[in-house]
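*Asks:* Need the 3D shape of this:
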Amino acid sequence: MTPKNTICLWFDKNAEQAAQFYAATFPNSQVTAVHNAPSDFPGGKAGEVLTVDFTIFGIPCIGINGGPAFKHSEAFSFQIATDDQAETDRYWNAIVGNGGEESACGWCKDRWGLSWQISPRVLTEAMAAGGAEAARAFEVMMSMKKIDVAKIEAARRG
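*Replies:* This next block holds a predicted model:
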């Protein structure tokens, strides 16, 4: 059954490669279909991969090889909630270590330019707590690239 809502991600010509990477990196993720173009299109030729159906953590996505006209930006990102430093490190290192780049405050980009927020639950819990606890955690987070769980926990305690 086709879901009512699917995230469509525009790629130049790498939708299948990106989808395979996401499926190999994140649990409950897979490539479910690859569709070739029935004729030439602005981003490519007949027979080339046009769209790829895949899931990331169970979220349905379609990657379209639309050509270079549109680029990813930080206006859209996947936020991945992690349970501990090991999980945070695993996803961060997979994205950054596979041609991606670090940004600030738990954000990074994969090699296709898609933004990811690798967000330990301890950080989102600190923000939800509000008050001085949130302020301390926020101040510490602002100095980080990859989130350091121990430093966030220490900031929460004061």
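*Asks:* Can you tell me the element the residue most central in space within the chain falls in?
*Replies:* Central residue of the chain (CA atoms, centre = their mean): residue 116, 3.4 Å from the mean position. Assigned by DSSP states H and E, residue 116 belongs to strand 115-120.
*Asks:* Which parts of this protein are strands?
*Replies:* Secondary structure of the chain (DSSP state E): strands at 7-11, 30-36, 49-56, 59-65, 77-82, 101-102, 107-109, 115-120.
*Asks:* how about CSV for these, with distance to residue 94 and mean pLDDT added?
*Replies:* To be clear about C-beta, it is placed using only N, CA and C from the backbone, and glycine gets the same treatment. CSV is the format used below for the strands of the chain (distance: least, CB to CB, whole Å; pLDDT from 0 to 100):
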stretch, distance to residue 94, mean pLDDT
strand 7-11, 18, 97
strand 30-36, 16, 98
strand 49-56, 13, 98
strand 59-65, 17, 97
strand 77-82, 11, 98
strand 101-102, 13, 98
strand 107-109, 10, 98
strand 115-120, 10, 98
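*Asks:* Any idea what the closest residue in space to residue 35 that isn't next to it in sequence is bridged to?
*Replies:* Among residues not flanking residue 35 along the chain, residue 51 sits closest, at 4.7 Å (CB to CB, 6 or more residues apart in numbering). Judged by DSSP bridges, the bridge partners of residue 51 are residue 35, residue 64.
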